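Peer 1: Sequence and predicted structure below; questions after.
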Amino acid sequence: MTRALFLAEVSRLARSPIPWGAAALCLGLRLAGTWELLPDMSVEPVGTSGALLLLAAAMMLSAHLAASRDVRGGMGETLAAVPGRAVRRTAAALGASVMVGTGLASVVMAAYLLVRQAMGPVAGVFDPFEAIGGVLAVPFAAALGVLLGRWAPRPVAVPLTVFLIGAFTWLNGQQSGYGGWFLPVVLFHRPDWPPRPSAAVTVATGTAATAAAPGREMSREMDTAQLKGPEASFALMGTQVRERFFGPGARRCEKHGPVTYCAYRDYAAWIPAWVSAVDPVMRALPPAERGRFPAVRQLTDSWWHVNHDEERSAATLFMVWGRAGAENAYRGVLASQVVRKVTGLLPQGRAGCDARGQSRAVVALWLLGQAVTTAPPRDRQVQIGSSIFAEERSPLGEIQYGTAELGYARRLLAAPDAKQRIWAHWDTLVKPGTTVEQALPLLGLRPEFAAESPVGPPCS
């Protein structure tokens, strides 16, 4: 009888649109959210586990409806005539919910990871325990739904429980990674946050309190640490973070042409994508200028201020990169750093500077056009890290320019002899004092666009 009841409950759940709809929604939302980013396996299982909480809520609801049938709307009297006791029906609902929930969660997790693996190149280190934890959260929620169905049969019990668990998980996930140490599933985790003890499904309450306290203290002290300097921030980091991002051999460096690219060990697979953004700019430079560019270095999103000296001496990027058409924005951010350094268009502070009327602005835009076909719109935010957003005031970052500089740069991109002319007059063209009007004869261009006066501090 128990076997027949179990199979009947499995069949009922397998036909229900609630679990299948939630599974499809989990997979679809997760893929939509990461479609334009290269896969990073250090965070993919964590993010998918967070998304599976939607399926967990659906399974909790389905299991609650099954287990509470005996006490809803006089069903107890009706089911009294059915062979078998209520405890057996509850056991069948429990077993079926756990089995169906585990199966659906496993399919969603496996399907997502396989699709993302195919979107390579893949970075990061895959943690199977994070994936397992996310899958197991669904049958746990189903079992909890059965328990609520017997003890709290009213329908409001499920949404209230989901809200409380979701709020608790979200609040603890805000502690820079520390608050989620004792949770089997978190909604998100940054690639440079301290690693979670994912092999353990549960930990002692005392350990949880100890782990959460540094996270709260860290969130309050981060601003103070940035003011005190890199040493104070460095002291806040765990041993594993220091070894992974700042220890000996933390980066793997490769030289492509005249440029050295240094990526964290788990992200070296992305170096060819960075080369594709920088190499066109290097080839467009005069040969004598190519060896003066220092390096391209990857920085962490959360600890970038520790690398402040490196940030000023090299082109830098963070721990995400685009794909499926979105890579153009990332290419533009990286290539614009290279262009600004080789042309001397360096902003003075966060406000940047205005290069209107300067010939090197035309040269800089021509160089940028070698790497990107479509410049990012002005006054938009481009995500250059998993937790860092940089406002792109123009395709040259903080460097402002006008329609004249952009128009002449487009003319140069269409001119077959532009490279030869720029190489022949490079030193003159990149001098801060050379105006656009003075550069036009050297570039073989005729006056065509009205000059504009700077609206901000001129670039010096």
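Peer 2: Cool, the structure landed. Residues are numbered from 1 along each chain as shown.
Peer 1: per-residue pLDDT, Val125?
Peer 2: With respect to pLDDT, Val125 scores 89.
Peer 1: my bad, should have said Ala4
Peer 2: 82.
Peer 1: so it is in which element?
Peer 2: helix 2-15 (DSSP states H and E).
Peer 1: cool, and Leu53?
Peer 2: Leu53 is part of helix 44-67 when elements are defined by DSSP H and E.
Peer 1: coming back round to it: and the next element down the chain from the helix holding Ala4?
Peer 2: helix 17-34.
Peer 1: The helix holding Leu53 to helix 17-34, inter-axis angle?
Peer 2: Relative orientation of helix 44-67 versus helix 17-34 (axes from the mean of the first three to the mean of the last three C-alpha atoms, to 10 degrees): 160 degrees.
Peer 1: For burial, what's the neighbour tally of the nearest residue to Ala111 once chain neighbours are set aside?
Peer 2: The shortest distance from Ala111 to any residue other than its chain neighbours is 6.0 Å, reached at Leu27 (C-beta to C-beta, 6 or more residues apart in numbering). Placement of C-beta: from N, CA and C, glycine included. For Leu27, the neighbour count with other C-beta atoms under 10 Å is 20.
Peer 1: quick one: Leu27 and Leu113 touch, right?
Peer 2: No - with contact defined as C-beta atoms under 8 Å, Leu27 does not reach Leu113; the gap is 10.9 Å.
Peer 1: circling back: dump the C-alpha coordinates for the helix holding Leu53 into CSV.
Peer 2: Output in CSV follows, covering the C-alpha atoms of helix 44-67 (Å, rounded to 0.1, in the frame of the first residue of the first chain):
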residue,chain,number,x,y,z
GLU,A,44,28.3,29.9,-10.9
PRO,A,45,27.2,27.1,-8.5
VAL,A,46,26.6,29.6,-5.7
GLY,A,47,24.5,31.8,-7.9
THR,A,48,22.5,28.9,-9.2
SER,A,49,22.0,27.5,-5.7
GLY,A,50,20.5,30.9,-4.8
ALA,A,51,18.2,30.7,-7.8
LEU,A,52,17.1,27.2,-6.8
LEU,A,53,15.5,28.7,-3.8
LEU,A,54,12.6,29.6,-6.1
LEU,A,55,12.2,25.9,-6.9
ALA,A,56,12.6,25.1,-3.2
ALA,A,57,9.6,27.4,-2.5
ALA,A,58,7.6,25.7,-5.2
MET,A,59,8.3,22.3,-3.8
MET,A,60,7.5,23.5,-0.3
LEU,A,61,4.1,24.6,-1.5
SER,A,62,3.4,21.4,-3.4
ALA,A,63,4.4,19.3,-0.5
HIS,A,64,2.3,21.4,1.9
LEU,A,65,-0.7,21.0,-0.3
ALA,A,66,-0.2,17.2,-0.4
ALA,A,67,0.4,16.8,3.4
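Peer 1: residue contacts, the residue lying closest to Pro454 once chain neighbours are set aside?
Peer 2: Spatially, and ignoring its direct neighbours in sequence, Pro454 is nearest to Asp354 (3.8 Å; C-beta to C-beta, 6+ apart). Residues in contact with Asp354 (C-beta atoms under 8 Å, 6 or more residues apart in numbering) are 399-401, 454-459.
Peer 1: beta partners for Asp354?
Peer 2: Counting by DSSP bridges, Asp354 forms beta bridges with Gln400, Pro458.
Peer 1: how near is it to Ala57?
Peer 2: 52 Å (C-beta to C-beta, to the nearest Å).
Peer 1: what about Ala324, how many neighbours?
Peer 2: 10.
Peer 1: Just list the residues touching it, thanks.
Peer 2: Ala324 neighbours (C-beta under 8 Å, 6+ apart): 35-36, 119.
Peer 1: Looking at these, spot the one nearest Arg360.
Peer 2: Here the nearest of the contacts of Ala324 to Arg360, counting by C-beta to C-beta, is Glu36; it sits at 32.6 Å.
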